[in-house]
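A.B. asks: Task: produce atomic coordinates for the following.
(one chain, ligands or ions: 1)
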Amino acid sequence: MKDRSNAAEDADRLDDYSYTTIQLGVWRMLLPVERTSTRWSPLSWFDLSLLEKWDGLSSTLLIWRFAREVYSIDPWLNLMFFALNLATAVEGTLMLYASSRLLRTVETGLVTGRPDIRAICHAVILRVFCTVLTSTTRWARAWVTPILRAQVISHFDDYIFQETLRLDISTSKDKNNKIEVHATSLWNDFQFLSTFFQWGFQLAGQIIFTVQQPSGGITLTLLALVSPIFSTRLHQASWKRPFLYYASNLDYIRLRALKSIGSEKYREEITSVNIGSWILDEYRRARHALGTIPDYSPHFQMATSTNPISGILQQLSGDLPTFYWAGSVILEPSGFSITSFAILQQHAQALRGTVSTLIHQSSRVTECVNSLQNLYKLADVANKVVDGEEPYPNSTLSTDKGMAFELRNVSFAYPGGKSKENAIQNVSLKISAGQLVVIVGTNGSGKSTIIKLLNRLYDVDSGEILVDGIPIKNYRLSDLRKAQALLTQDHKLFPLTLAENIGLGNPERVNDMEMVLQAAEAGGATELIKKLEDGVQTTLSPVQTAQGNHLEKYKTLQSMLENMEKEADVSGGEKQRLVAARTFMRFLSGGIRFAVADEPSSALDPKAEYQLFQRLRESGDGKTLIFVTHRFGHLTKHADLIICMKDGQAVETGTHKELLALGGEYSELYNVQAQAFSDGSG
Ligand SMILES: Nc1ncnc2c1ncn2[C@@H]1O[C@H](COP(=O)(O)OP(=O)(O)OP(=O)(O)O)[C@@H](O)[C@H]1O
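C.D. replies: Numbering: from 1, shown residues only. Sure, this is the predicted structure:
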């Protein structure tokens with residue numbers, strides 16, 4: 001079998017844990033062995049993961065904080081939910097008590113020949129009461145739970161959404177800040193913790209009741225606990241422990257890769273290059289080479305690989321209360337009856353059930369604590385781009401002409417980027433207020449990065465950026481952003497109406513239809529809007545919610561499904577016009593002193609591109625304008641300043657004429673395009 005083994009060795013070198021490596025079919029699983037005391041302890045023998053991992057006070061306080069928060073959402077509903085949980089916990093013990101009482105009363109009646117009608121009636125009434133209590137609690141729970149669920153989910157959804165929207169780009173892209181927490185799972189956690197508490201309460205009731213039994217209640221209680229504890233040791237679920245697994249079998253990896261090529265994503269390549277039969281042949285070869293090596297879940301493989309001796313021991317440990325009873329009968333035959341055996345069985349079974357549930361679910365408590373830690377960590381994530389206090393525009397330094405910039409020895413690398421080199425390296429340049437600036441350069445030379453730094457989407461790693469003579473970090477971010485407009489090809493359309501998509505360029509006027517239509521005109525999107533049946537109220541990419549299946553015979557439903565939530569067919573260029581309209585909407589808000597167009601024209605035809613640039617230039621009064629482009633033409637000729645980027649550095653700056661005269665990088669780039677036209681004409 002081909003094997004990929006070096007990953008395990010790499011993993012071993014990662015930190016000071018050592019790993020147990022287990023091969024399970026095509027999978028290799030690494031289980032860290034934590035360096036705990038090697039001395040034997042009774043706890044170490046059992047998988048009491050909750051007790052082992054329980055970080056006492058802090059976990060309890062966290063759960064308490066969460067419970068208080070949920071309580072504050074709707075105190076009355078929570079009290080009802082709590083009372084119902086308590087009732088459910090009591091129910092089981094009461095039912096047990098009622099059954100025992102009924103059995104004993106019947107037995108006494110049978111032995112003496114004189115049934116105690118009063119006692120039997122009491123026992124039957126108690127049993128009926130228990131049944132009514134169970135049904136009523138169930139009914140009330142079905143009424144309370146969905147309302148509480150909706151309230152809890154909506155409360156935490158709102159909080160999580162708010163905390164997620166608060167993050168800036170570099171903070172949210174940082175893997176260390178990736179906090180996975182969902183409102184629905186928090187509700188599940190809440191429900192689980194309530195149930196866990198209920199089980200604990202139920203166990204306390206059962207123990208009290210069993211201990212009070214005549215004929216060895218305490219011994220019976222202890223013996224009933226052995227089996228669940230023993231069984232947790234035997235069935236330690238590998239997915240509840242820290243683990244890492246990966247496919248180490250190369251045939252299996254190839255099989256998966258070939259299978260994925262068959263997906264819709266690669267359909268065009270497969271069809272156009274006609275490689276379908278090659279893929280199928282290779283797939284069959286890999287399948288043959290893999291043979292019968294199991295590829296199903298390694299956790300399942302691990303869980304099913306037990307040995308018979310442990311199974312027998314587990315069964316026997318469950319019978320310990322019966323053995324105890326049998327032994328007691330032999331020693332003292334007169335002290336026991338069939339009824340006491342039946343009651344004993346019932347108690348032992350109930351205790352075993354509750355203890356085993358508590359033990360099995362204990363690790364889920366740790367999961368809940370982790371999830372709560374994540375929830376409260378959300379608010380602690382500090383944005384990397386720290387807000388400043390200086391208002392913009394600055395009353396003495398800012399001018400009506402636009403924003404002025406100065407980059408002093410600026411270097412920057414993207415957080416988490418794989419490249420060893422900086423995206424921007426020691427860039428120093430000045431952009432005066434109101435200038436028309438064009439940034440040119442090869443792919444990956446750092447053009448867009450400069451724009452992102454000027455928009456303060458990221459902070460520089462070293463050096464400094466000044467806006468109107470003051471460090472950019474000093475300004476209030478909201479003021480700065482209000483005065484900037486950015487148009488890039490990366491900008492996306494929201495799954496909202498076109499009116500909102502355009503209007504959101506100026507959120508305060510999003511419902512001002514006149515302004516929206518004016519912006520649409522400036523962005524060149526009017527024709528498209530006219531073409532659409534619902535005009536500006538069209539949602540191009542609606543949220544997909546409709547589902548249906550087995551509708552072959554129901555043509556009406558099938559066509560409804562096909563037409564429902566359908567994406568509108570608009571071209572890339574048309575989408576860019578809509579995004580451009582959003583930027584013009586922003587211009588119309590007034591107060592914009594810096595506008596950027598970062599290659600917004602890649603999908604536009606030459607006429608549309610020319611019109612877009614013209615409109616942007618025309619709207620340019622009182623703004624510093626920066627265009628990032630690969631195309632040389634009107635813009636570069638009219639630019640006050642051209643910045644030519646190469647390998648993260650501003651290698652040349654000047655006007656078109658000056659840079660051509662230099663005969664360097666800019667003139668080389670220019671000549672490549674100019675030559676294409678002269679070759680064509682010649
Ligand atoms: N989000 C990112 N994370 C990591 N690295 C990035 C990221 N964006 C860009 N880079 C890297 O930074 C460098 C500069 O990229 P930038 O986008 O500024 O180049 P560009 O000149 O605008 O390129 P293009 O002409 O292709 O748009 C490149 O090496 C790129 O791979």
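
A.B. asks: Tell me where the longest helix sits in the chain.
C.D. replies: helix 117-165 (DSSP state H).

A.B. asks: which helices and strands sit right next to that one?
C.D. replies: Contacts defined by 3 or more C-beta pairs under 8 Å, 6 or more residues apart in numbering; DSSP states H and E place helix 117-165 against helix 56-73, helix 75-112, helix 183-211. Where C-beta positions appear, they are placed from N, C-alpha and C, glycine not excepted.

A.B. asks: mind putting these in CSV, mean neighbour count included?
C.D. replies: As requested, those are arranged in CSV below (neighbours: other C-beta atoms under 10 Å):
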stretch, mean neighbour count
helix 56-73, 14
helix 75-112, 17
helix 183-211, 19
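
A.B. asks: of all those, which lies closest to the ligand?
C.D. replies: Smallest distance to the ligand across these (C-beta to the nearest ligand atom): 29.0 Å, for helix 183-211.

A.B. asks: chain center to that closest one, what's the gap?
C.D. replies: With C-alpha atoms, centre = their mean, to the nearest Å as the basis, helix 183-211 stands 28 Å off its chain's centre.

A.B. asks: What are the buried residues along stretch 443-457?
C.D. replies: Across stretch 443-457, burial judged by 16 or more other C-beta atoms under 10 Å covers 445-456.

A.B. asks: ok, is that stretch in contact with the ligand or not?
C.D. replies: Yes: Stretch 443-457 reaches the ligand (C-beta under 6 Å from any ligand atom) through 443-449.

A.B. asks: sorry, back to before: rank the helices and strands packed on helix 117-165 by pLDDT, which is bottom?
C.D. replies: Of all those, helix 75-112 carries the lowest average pLDDT, namely a mean of 85.

A.B. asks: Give me the neighbour count for the residue of the stretch 451-600 of the chain found nearest the ligand.
C.D. replies: Closest residue of the stretch 451-600 of the chain to the ligand, C-beta to the nearest ligand atom: residue 599 (6.2 Å). Applying other C-beta atoms under 10 Å, we find 18 residues neighbouring residue 599.

A.B. asks: Identify the residues contacting it.
C.D. replies: 448, 488-489, 628-630 (C-beta atoms under 8 Å, 6 or more residues apart in numbering).

A.B. asks: After the longest helix of the chain, which helix or strand is next?
C.D. replies: helix 169-173 (DSSP states H and E).

A.B. asks: Tell me the buried residues in that following helix?
C.D. replies: 169-171, 173.

A.B. asks: could the residues you listed be laid out in JSON lines, adding pLDDT?
C.D. replies: Listed next are these as JSON lines, based on pLDDT from 0 to 100:
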{"residue": "169", "pLDDT": "82"}
{"residue": "170", "pLDDT": "78"}
{"residue": "171", "pLDDT": "83"}
{"residue": "173", "pLDDT": "78"}
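
A.B. asks: Out of those residues, flag the one nearest to residue 310.
C.D. replies: Residue 310 has its nearest neighbour among the buried residues of helix 169-173 in residue 173, at 48.2 Å by C-beta to C-beta.

A.B. asks: number of nearby residues for residue 598?
C.D. replies: Per other C-beta under 10 Å, the neighbour tally for residue 598 reads 21.

A.B. asks: so of the residues of stretch 443-457 next to the ligand, which ones are in helices?
C.D. replies: Among those, the residues falling in helices (DSSP H) are 447-449.

A.B. asks: I would like the residues contacting stretch 217-232, please.
C.D. replies: With C-beta under 8 Å, 6+ apart as the contact definition, stretch 217-232 has outside contacts at 46-48, 207, 210-211, 213, 313-314, 317-318, 320-321, 324, 344, 347-348, 351-352, 355-356, 359-360.

A.B. asks: Quick one: name the residues of this structure near the ligand.
C.D. replies: 414, 417, 419, 423, 441, 443-449, 645.

A.B. asks: What separation do you get for the residue of the stretch 251-400 of the chain found nearest the ligand and residue 262?
C.D. replies: Proximity of the stretch 251-400 of the chain to the ligand (C-beta to the nearest ligand atom) peaks at residue 384, 13.8 Å away. Using C-beta to C-beta, to the nearest Å, residue 384 is found at 42 Å from residue 262.

A.B. asks: more crowded one of the two?
C.D. replies: More crowded of residue 384 and residue 262, by other C-beta under 10 Å: residue 384, with 17 against 14.

A.B. asks: surely that one meets residue 172?
C.D. replies: No: between residue 384 and residue 172 there is no contact under C-beta atoms under 8 Å: 9.5 Å.

A.B. asks: Which helix or which strand is home to the residue nearest to the spatial centre of the chain?
C.D. replies: In the chain, the centroid-proximal residue (C-alpha atoms, centre = their mean) is residue 180; its distance is 4.4 Å. Assessed by DSSP H and E, residue 180 sits outside every helix and strand.

A.B. asks: In contact with the spatially closest residue to it that is not a sequence neighbour: list those residues for me.
C.D. replies: Counting by C-beta to C-beta, 6 or more residues apart in numbering, residue 180 lies nearest to residue 374, which is 6.7 Å off, once chain neighbours are set aside. Residue 374 sits next to 179-181 when contact means C-beta under 8 Å, 6+ apart.

A.B. asks: do residue 564 as well
C.D. replies: Applying C-beta under 8 Å, 6+ apart to residue 564 gives the contacts residue 546.

A.B. asks: Show the pLDDT at it.
C.D. replies: With respect to pLDDT, residue 564 scores 78.

A.B. asks: next one: phi and psi at it?
C.D. replies: With angles defined as degrees, to the nearest 10, residue 564 sits at phi -70, psi 140.

A.B. asks: State the distance from it to residue 558.
C.D. replies: 11 Å.

A.B. asks: go on, residue 414?
C.D. replies: Taking C-beta to C-beta, one finds residue 414 at 47 Å from residue 558.

A.B. asks: between those two, who's got more neighbours?
C.D. replies: A direct count of neighbours by other C-beta under 10 Å for residue 414 and residue 558 places residue 414 higher, at 17 against 14.

A.B. asks: can you confirm the more buried one is in a helix?
C.D. replies: No: counting by DSSP: H, G, I helix; E, B strand; the rest coil, one finds residue 414 to be coil, located in no helix.

A.B. asks: Assess the claim that it and residue 422 are in contact.
C.D. replies: No: in this structure residue 414 lies outside contact range of residue 422 using C-beta under 8 Å: 9.1 Å.

A.B. asks: can you map out the strands along the chain?
C.D. replies: 18-24, 27-33, 244-247, 405-412, 424-431, 436-441, 462-467, 470-471, 484-488, 594-598, 624-628, 641-646, 649-654 (DSSP state E).

A.B. asks: any chance of those strands in a markdown table, with mean pLDDT too?
C.D. replies: What follows is the strands of the chain, written out as a markdown table (pLDDT from 0 to 100):
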| stretch | mean pLDDT |
| --- | --- |
| strand 18-24 | 83 |
| strand 27-33 | 83 |
| strand 244-247 | 90 |
| strand 405-412 | 95 |
| strand 424-431 | 93 |
| strand 436-441 | 92 |
| strand 462-467 | 95 |
| strand 470-471 | 94 |
| strand 484-488 | 86 |
| strand 594-598 | 89 |
| strand 624-628 | 91 |
| strand 641-646 | 93 |
| strand 649-654 | 92 |
